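J.: below: sequence and its predicted model.
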Amino acid sequence: MNDSSVVVLSAASGAGHIRAADAMVKAFAANGVTASQIETLKFTTSLFRKVYSDLYIELVNKRPEILGWVYDSTDKPWKYQKRRLALDLLNTKTLVKLLKKECPGMALCTHFLPAEILSYLKRKKILDIPIGIVVTDLDAHAMWLYRDIDWYFVAIEETKVYLEKMGIAPEKIHVTGIPIDPVFAEQKDKVELRAHSGLDKNMTTVLVSVGGFGVGPLAALLRSLDEMKNPAQFIVICGRNEKLKQSLQSMKTQHKMHIVGFTTEMDAYMSAADMLVGKAGGLTTSEALAKGLVPVIVNPVPGQEERNSDHLLEAGVAIRCNNLPVLGYKVDGLLDDQARWIKMKEAAKRFGKPNAAGDIAKIIIEGLAR
């Protein structure tokens, strides 16, 4: 195969889609294939780009119920594709020109927007290339459904069954897990990493993360966790929100809290922890489970996070808190039930798929070689 012709396309609408694309580029490289990456929103109109990225973050932070309404109202398989495609083509002309110029030998999409454009170009015989889709949540929304797709990569068996029911050929669907950076598959010394952060080597360690953008009521969340009766210590990830980081550093707490800003060492912090408190995003959850962490899901964003949460709870790998004032109580309840705590940690390790990116790369490379 022509290794320079592999392209991974994503969109900066939330951080997860980009992280999945980064993971796939690394996985291809580990298998001797050089892949380039395209962030598709850079090749769209400015208003379209703002709606997709800035508005999304604004709604997550201030009006998540609107996101939930949009998610549910548009989750009608095959129903709105023509009108959505018409709108997207108006705003992605630069992207279409780029794809026609580059004419890659194969495309893998970690966001539904480029998948839609590529499916259209293939259907119109403007491009004739294999296309793969990586669904970056545990569930598959209708926006992930396209014809002319050669590979679908999904997180769980139920999603494979759902896609089959929607008319996707079973042989095209692979249950691999969501691709995460290969570094999350590396085993690291928990005790050593705790000591490196100035933490107690043997104490239950809770990682608190609000995502790469640092949004959410983190101070209120920490105040509730600080009411825990069990001995515990916290690693708090603030993301790019420097103002939030500074305010938390001056916060008085009874439990030790190690405050961290934006970091590229999330794998090390997860290796040091026992559980993850935060949202139920597909990538963060997959990273946590790959490290054997038990997710404590707090107020998941309506829509895909709600559905992710349902799957995790059903699998017995997570607990959920819908009311911040009782968060400390909820975590105490889990730690007080040692049999349940141990069982959930074992379930998390079984559920995690740390090698998903490599598995996807190998399936594609073998498919192209046939």
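T.: Yep, that arrived. Residues are numbered from 1 along each chain as shown.
J.: wait, is Lys362 part of a helix?
T.: Yes. Lys362 sits within a helix when classified using DSSP: H, G, I helix; E, B strand; the rest coil.
J.: and the gap between it and Met251?
T.: In this view, Lys362 and Met251 are 46 Å apart by CB to CB, to the nearest Å. The C-beta positions use only the backbone N, C-alpha and C, and glycine is treated the same way.
J.: look up how far Pro64 lies from Ala71.
T.: Let me fix one detail, which is that residue 71 is Tyr and not Ala. Tyr71 is 10 Å from Pro64, by CB to CB.
J.: overlap in contacts, these two.
T.: Pro302 (CB atoms under 8 Å, 6 or more residues apart in numbering).
J.: what pLDDT does Leu94 get?
T.: Heads up, residue 94 is Thr, not Leu. Here the pLDDT value assigned to Thr94 is 94.
J.: repeat for Met1
T.: Model confidence at Met1 (pLDDT) stands at 39.
J.: now for Ile133, how many residues are close by?
T.: 29 (other CB atoms under 10 Å).
J.: check contacts around it.
T.: 108-109, 112, 115, 144, 146, 149, 151-153.
J.: out of these, which sit inside helices?
T.: Among those, the ones falling in helices (DSSP state H) are 112, 115.
J.: show me the contacts of Ile133 that map onto strands.
T.: Cross-referencing those against strands under DSSP state E gives 108-109, 151-153.
J.: tell me which of these is nearest to Leu9?
T.: Using CB to CB, Cys109 comes nearest to Leu9 of the ones in strands among the contacts of Ile133, at 4.9 Å.
J.: surely Pro325 touches Ser224?
T.: Yes. Under the criterion of CB atoms under 8 Å, Pro325 lies in contact with Ser224, with a separation of 5.7 Å.
J.: quick one: which of these two has more around it?
T.: The neighbour comparison of Pro325 against Ser224 (other CB under 10 Å) goes to Ser224, with 21 against 11.
J.: CA atoms only: put the helix or strand where the more buried one lies into CSV for me.
T.: Per DSSP states H and E, Ser224 falls inside helix 218-225. C-alpha atoms of helix 218-225 as CSV (Å, rounded to 0.1, in the frame of the first residue of the first chain):
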residue,chain,number,x,y,z
LEU,A,218,-15.3,22.0,39.8
ALA,A,219,-15.1,24.0,43.0
ALA,A,220,-18.5,22.8,44.2
LEU,A,221,-17.6,19.2,43.2
LEU,A,222,-14.4,19.4,45.2
ARG,A,223,-16.2,20.8,48.3
SER,A,224,-18.5,17.8,48.2
LEU,A,225,-15.6,15.3,47.8
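J.: which outside residues touch that helix?
T.: With contact meaning CB under 8 Å, 6+ apart, helix 218-225 is reached by 206, 208, 210, 232, 234, 236, 238, 244, 247-248, 251, 253, 255, 257, 277, 298, 324-328, 331.
J.: swap in 7 Å and give it another go.
T.: 206, 208, 210, 234, 236, 244, 247-248, 251, 257, 277, 298, 324-325, 327-328, 331 (CB atoms under 7 Å, 6 or more residues apart in numbering).
J.: quick one: list the elements packing against the helix or strand hosting Leu368.
T.: Taking DSSP H and E as the definition, Leu368 sits inside helix 356-369. If you count contacts as 3 or more CB pairs under 7 Å, 6 or more residues apart in numbering; DSSP states H and E, helix 356-369 packs onto helix 16-30, strand 106-109, strand 151-154.
J.: re earlier: ok, and what's touching the helix or strand following the helix holding Ser224?
T.: Later in the chain than helix 218-225, the nearest helix or strand by DSSP H and E is strand 233-237. Strand 233-237 is touched from outside by 197, 199-200, 203, 205-209, 222, 225, 248, 255-260, 263, 269, 272-273, with contacts defined as CB under 7 Å, 6+ apart.
J.: then strand 233-237 to CSV, C-alphas only?
T.: The C-alpha trace of strand 233-237 is given here as CSV (Å, rounded to 0.1, in the frame of the first residue of the first chain):
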residue,chain,number,x,y,z
GLN,A,233,-6.3,12.2,48.3
PHE,A,234,-7.1,13.9,45.0
ILE,A,235,-5.4,14.8,41.8
VAL,A,236,-7.4,17.6,40.2
ILE,A,237,-7.0,18.3,36.5
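J.: please work out the average pLDDT along it.
T.: 94.
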